[in-house]
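Participant: what follows is a protein structure lacking sequence information:
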């Protein structure tokens, strides 16, 4: 993930060169406002624009098409799925589906965006009573795993189909993928400012460790059905992964001295 993707994290960022996340700590009230605005911006970016072709169409039917597409993508894979398969799964003629989406690729973009929007909205509701970066970040990482547990078809499409092949740039879909990680980076920086943990050498690397740990346990669950309870396992993984935040920038890694064993001739 490029470092510049999260370079400007706050919604109400001043136009001066000094970011509120790199200067003196903001007041708790101001920090809270920035967080609320930041999260609202993430949710707003996920709202799919209604094109002229679909503005008079049924929102219910649109959702049915996306749910059907997700089932087909999870079952057959995106590359092997066909428009006819999606239409059949949705119980509609292909001609009707084309009134909503012009191609399978357009549907393949719309499915993850819709589910990212649902996840972000659910997180926003759950995090409203959390007031520290530590609690917000811990909830975010755990909820990502729990959301995958409750939406296994979506998880299979995201983690096994979309993420490994994510090469789309400059699109709402790429924005959703970036925001998924941008939240982690934002909270790491907010925690440094608020004193939840010492400032680390590279928040992007730390974010990769955190969300990478959660992603891996989700993928393992999808492939091997282990662990049996993803939510419980995620609690342990999050607890252990977040210990990396307590390592300050000057803390040196422990070195292990290798001893040479002597062999008798």
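Facilitator: Looks like it arrived, so ask away. Keep in mind it's a predicted model, so treat the numbers as computed, not measured.
Participant: isn't residue 175 right up against residue 44?
Facilitator: No. With contacts counted by Cβ atoms under 8 Å, residue 175 stays clear of residue 44, the gap being 10.5 Å. C-beta: built from backbone N, CA, C; applies to glycine.
Participant: of these two, who's got more company?
Facilitator: A count of neighbours by other Cβ atoms under 10 Å puts residue 175 above the other of residue 175 and residue 44, at 18 against 11.
Participant: so which strand or helix has the more buried one?
Facilitator: In this assignment (DSSP states H and E), residue 175 forms part of helix 172-194.
Participant: which strands and helices sit next to that helix?
Facilitator: If you count contacts as 3 or more Cβ pairs under 8 Å, 6 or more residues apart in numbering; DSSP states H and E, helix 172-194 packs onto helix 28-46, helix 104-127, helix 133-150, helix 203-224.
Participant: what is the neighbour count of residue 43?
Facilitator: 15.
Participant: SS state for residue 81?
Facilitator: Secondary structure assignment for residue 81 (DSSP: H, G, I helix; E, B strand; the rest coil): coil.
Participant: got the contact list for the closest residue to it other than its chain neighbours?
Facilitator: Computed as Cβ to Cβ, 6 or more residues apart in numbering, the closest residue to residue 81 that is not its neighbour in sequence is residue 72, at 4.8 Å. Counting by Cβ atoms under 8 Å, 6 or more residues apart in numbering, residue 72 touches 81, 85-86, 89.
Participant: now, among these, which is nearest to residue 219?
Facilitator: Checking the contacts of residue 72 against residue 219 by Cβ to Cβ gives residue 81 as the nearest, at 20.7 Å.
Participant: contacts only, for the closest one.
Facilitator: Contacts for residue 81 (Cβ under 8 Å, 6+ apart) come out as 69, 72-73, 104.
Participant: ok, now with 10 Å
Facilitator: Applying Cβ atoms under 10 Å, 6 or more residues apart in numbering, one finds that residue 81 lies in contact with 69, 71-75, 89, 104, 107-108, 161.
Participant: for residue 158, same thing?
Facilitator: By Cβ under 10 Å, 6+ apart, the residues touching residue 158 are 70, 73-74, 111-112, 115-116, 119, 147-148, 151, 166, 177, 180, 215, 218, 222.
Participant: 8 Å - rerun?
Facilitator: Contacts of residue 158 by Cβ under 8 Å, 6+ apart are 112, 115, 148.
Participant: how about residue 196?
Facilitator: Taking Cβ under 8 Å, 6+ apart, we find residue 196 in contact with 132-134, 190, 245.
Participant: helix, strand or coil: sort out it for me.
Facilitator: coil.
Participant: give the contact list for residue 107.
Facilitator: With contact taken as Cβ under 8 Å, 6+ apart, residue 107 is in contact with 65-66, 69, 86, 101.
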